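# this is a predicted model, with the sequence first.
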Amino acid sequence: MELKTPLYEMHLKYHGKIVPFAGYLLPIQYEQGIIKEHMAVRTGAGLFDVSHMGEIICKGKDALNNLQKLLTNDFTGMAIGQARYSPMCNEHGGTVDDLIVYKKQDEEYFIVVNASNKDKDYQWMLDHQFGDVVFEDISSQVSQIALQGPKSQEILMKLTADIPEKYYYAIFDAKVAGISCIVSRTGYTGEDGFELYLDNEHAQTIWETLLEAGKEYGIIPCGLGARDTLRLEAGMPLYGHEMNDEINPVEIGLGFAVKMQKEDFIGKSHLPDKDSLTRKRAGLKVTGRGIIREQEEVLVNGKKIGFTTSGTHCPYLGYPAAMAILDKEYTAIGTKVTVMVRGREVEAEVVPLPFYKKSK
């Protein structure tokens, strides 16, 4: 049986089209449709229910040592309130998940994981914990609302002074419209934006308050569909598409979050360095007719050179695009390829990632 987030009634109120996703009933879109939602986030603001995401607390004298062993990034030297992105690898260097770690205080960290991997990740942490540490899954107690878009800061400023100044930072004891929240500044759309973590009982109040505050900026509620088209335009990898237990983080361009110089971490000995990669993630722009989807063969002169991992029409850019994992020698910008879409060849070319980058 699918679960409902604390905002389920809001999705019905705003005419969300509900679908099952990661064990939850969530809106794929609202009445204005995916393209309108996508454009609202690119030009003004959009509001997302991401309460299905997982939240895990890691605390104790050995909390940092556990993170260092479990994750590929380096979590030493973090300021309180700072966030760091990291893959988490299995023993073979494949990806268990990608996640964000916030330093709440010394010896206590707040970890945000993907919805579909929540239970798997938590079990992985428990199976590999050591020393004086406690991992606690608090997902069911926490609602998460994402406010994304170039006007998101102006909207939030109407409701609070507790706004993180820098990207990848959070304020843990924030008050938004008088309600206690964690306010973080990350995002999955390619735009500036914020996440509010709060007790379930206040989720509907904050949702309505944000929509009211953002009215003059064209804010609208957004569903899973726009979340996916936005992240694809922004060239952001998604677990289960660009990465999985067989795909390592280095070959999909996440080497910046893999710190080989730190002491041993799970999977380290199986991770390639950049020079020994045999395949890489690449961006494809469709130059022929058609839309590329995931898991379609990519060919050069009839030879298979890789496969697509995500693909869609990009509403803001106005053309179809896809991400793919290709043999390294075919990843040069401008390389012409064909993609097999339901038995038909669709022409494309390799272009730089991300497809879309917000103007400063």
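Right, received. Where do you want to start?
# hang on, residue 350 in a helix?
No: going by DSSP: H, G, I helix; E, B strand; the rest coil, the assignment for residue 350 is strand, not a helix.
# which residues does it bridge with?
Taking DSSP bridges as the rule, residue 350 bridges to residue 284.
# hmm, residue 337 and it touching each other?
Yes: if you go by Cβ atoms under 8 Å, residue 350 and residue 337 touch, sitting 6.8 Å apart. Just so you know, the C-beta spots here come from the backbone N, C-alpha and C atoms, and that holds for glycine as well.
# quick check: neighbours shared by the two?
With contacts taken as Cβ atoms under 8 Å, 6 or more residues apart in numbering, the residues that reach both residue 350 and residue 337 are 284, 326, 330.
# tell me the most packed of the residues you listed, by neighbour count.
Counting neighbours by other Cβ atoms under 10 Å, the top entry in the shared contacts of residue 350 and residue 337 is residue 284, with 26 neighbours.
# contacts only, for the closest residue to residue 99 other than its chain neighbours.
Residue nearest to residue 99 in three dimensions, not counting chain neighbours: residue 113, with 4.6 Å by Cβ to Cβ, 6 or more residues apart in numbering. Residue 113 is in contact with 53, 54, 55, 56, 97, 99, 121, 122, counting by Cβ under 8 Å, 6+ apart.
# phi, psi of the third one?
Taking degrees, to the nearest 10, you get phi -130, psi 130 for the backbone angles of residue 55.
# which ones among the contacts of residue 113 map onto helices?
121, 122 (DSSP state H).
# tabulate the contacts of residue 113 (TSV), appending distance to residue 130, pLDDT and neighbour count.
Shown next, in TSV, are the contacts of residue 113 (distance: Cβ to Cβ, whole Å; pLDDT from 0 to 100; neighbours: other Cβ atoms under 10 Å):
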residue	distance to residue 130	pLDDT	neighbour count
53	26	98	23
54	22	98	25
55	22	98	22
56	16	98	20
97	20	98	23
99	19	98	23
121	17	98	22
122	16	98	18
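# including distance to residue 190, could the contacts of residue 113 go into a markdown table?
Shown next, in a markdown table, are the contacts of residue 113 (distance: Cβ to Cβ, whole Å):
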| residue | distance to residue 190 |
| --- | --- |
| 53 | 18 |
| 54 | 23 |
| 55 | 23 |
| 56 | 26 |
| 97 | 21 |
| 99 | 19 |
| 121 | 25 |
| 122 | 29 |
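# hmm, back to that, in the sheet, who's paired with the residue nearest to residue 99?
Beta-bridge pairing of residue 113 under DSSP bridges involves residue 54.
# from the contacts of residue 113, which is closest to residue 317?
Nearest to residue 317, judged by Cβ to Cβ, of those is residue 53 at 26.8 Å.
# and the closest one, what does it touch?
Residue 53 is in contact with 112, 113, 114, 115, 118, 139, 144, counting by Cβ under 8 Å, 6+ apart.
# go again using 6 Å as the cut-off
Residue 53 makes contact with 112, 115, 144 under the criterion Cβ atoms under 6 Å, 6 or more residues apart in numbering.
# pLDDT score assigned to the first one?
Residue-level confidence at residue 112 comes out at 98, pLDDT.
# rewinding a little: ok, and the most crowded of the contacts of residue 53?
residue 144 (24 neighbours).
# name the helix or strand for it, please.
Per DSSP states H and E: residue 144 is located in strand 142-148.
# okay, now the sheet partners of that strand, with direction.
strand 46-49 (antiparallel), strand 193-199 (antiparallel).
# mean neighbour count, those: which tops it?
strand 46-49 (a mean of 28; mean count of other Cβ atoms under 10 Å).
# can you give me the offset of that one from its chain's centre?
Chain-centre distance of strand 46-49: 14 Å, with Cα atoms, centre = their mean, to the nearest Å.
# contacts for it, please.
Here strand 46-49 has contacts from 5, 7, 37, 40, 146, 147, 148, 149, 210, 221, 222, using Cβ under 6 Å, 6+ apart.
# make JSON lines out of these and add distance to residue 186 and neighbour count.
Formatted as JSON lines, the contacts of strand 46-49 follow (distance: Cβ to Cβ, whole Å; neighbours: other Cβ atoms under 10 Å):
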{"residue": "5", "distance to residue 186": "19", "neighbour count": "21"}
{"residue": "7", "distance to residue 186": "20", "neighbour count": "27"}
{"residue": "37", "distance to residue 186": "20", "neighbour count": "26"}
{"residue": "40", "distance to residue 186": "19", "neighbour count": "24"}
{"residue": "146", "distance to residue 186": "9", "neighbour count": "24"}
{"residue": "147", "distance to residue 186": "12", "neighbour count": "28"}
{"residue": "148", "distance to residue 186": "10", "neighbour count": "27"}
{"residue": "149", "distance to residue 186": "14", "neighbour count": "29"}
{"residue": "210", "distance to residue 186": "17", "neighbour count": "24"}
{"residue": "221", "distance to residue 186": "20", "neighbour count": "26"}
{"residue": "222", "distance to residue 186": "17", "neighbour count": "29"}
